[in-house]
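>>> Sequence first, then the predicted structure:
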Amino acid sequence: MSIGINTSQIDAMVSQLRSVAARAAAPSQVTDTSPLQAAGMSAGATGAAATPSVSFADALKNSIDQVNKVQNDAQQLGNRFIQGDDKISLSDVMISTQKANISLQASVQVRNKLVAAYNDIMNMQV
């Protein structure tokens, strides 16, 4: 079974990673940043005072933590439904489960893209 990778989904995940990185920065640091700065990369010294940037590892960890939280919430919601909680409907459980599934699939696609990029870099002739 082959799964096709939709690059628009990967681009959406990258933009989500950038937004998480921007949210992780203090509000005073998010004033007018370029996409490179939002992703934790600097465009070089421009003479202005350098602001601390969020590392790629931190942005990736925040994204993985968010996926974990969504999955845990879906699991807890399902458990409450199974235990007979009248406040939880089946549609709520199914929606939260699908959100968790989609977030996991997006994370796996980003991981696959990162591994492919790493392999491309490692195979480059120097």
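On my side now, so go ahead.

>>> What part of the chain, helix or strand, is modelled with the least confidence?
Ranked by mean pLDDT, DSSP states H and E, the weakest helix or strand in the chain is helix 35-38, scoring a mean of 46.

>>> any idea which helix or strand comes after it?
helix 56-82 (DSSP states H and E).

>>> The following helix or strand past that next one: how far from the chain's middle?
Where DSSP H and E defines the elements, the next helix or strand beyond helix 56-82 is helix 90-122. Counting by CA atoms, centre = their mean, to the nearest Å, helix 90-122 is centred 9 Å from the centre of its parent chain.

>>> and helix 90-122 with helix 56-82, angle?
Angle between the axes of helix 90-122 and helix 56-82 is 160 degrees (criterion: axes from the mean of the first three to the mean of the last three CA atoms, to 10 degrees).

>>> by contact count, what packs against helix 90-122?
helix 7-24, helix 56-82 (3 or more CB pairs under 8 Å, 6 or more residues apart in numbering; DSSP states H and E). All C-beta spots, glycine's among them, are computed from the backbone N, C-alpha and C.

>>> I'd like the ones you listed laid out as CSV, including mean pLDDT, mean neighbour count and distance to Ser107.
CSV is the format used below for those (pLDDT from 0 to 100; neighbours: other CB atoms under 10 Å; distance: least, CB to CB, whole Å):
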stretch, mean pLDDT, mean neighbour count, distance to Ser107
helix 7-24, 74, 15, 7
helix 56-82, 93, 15, 5
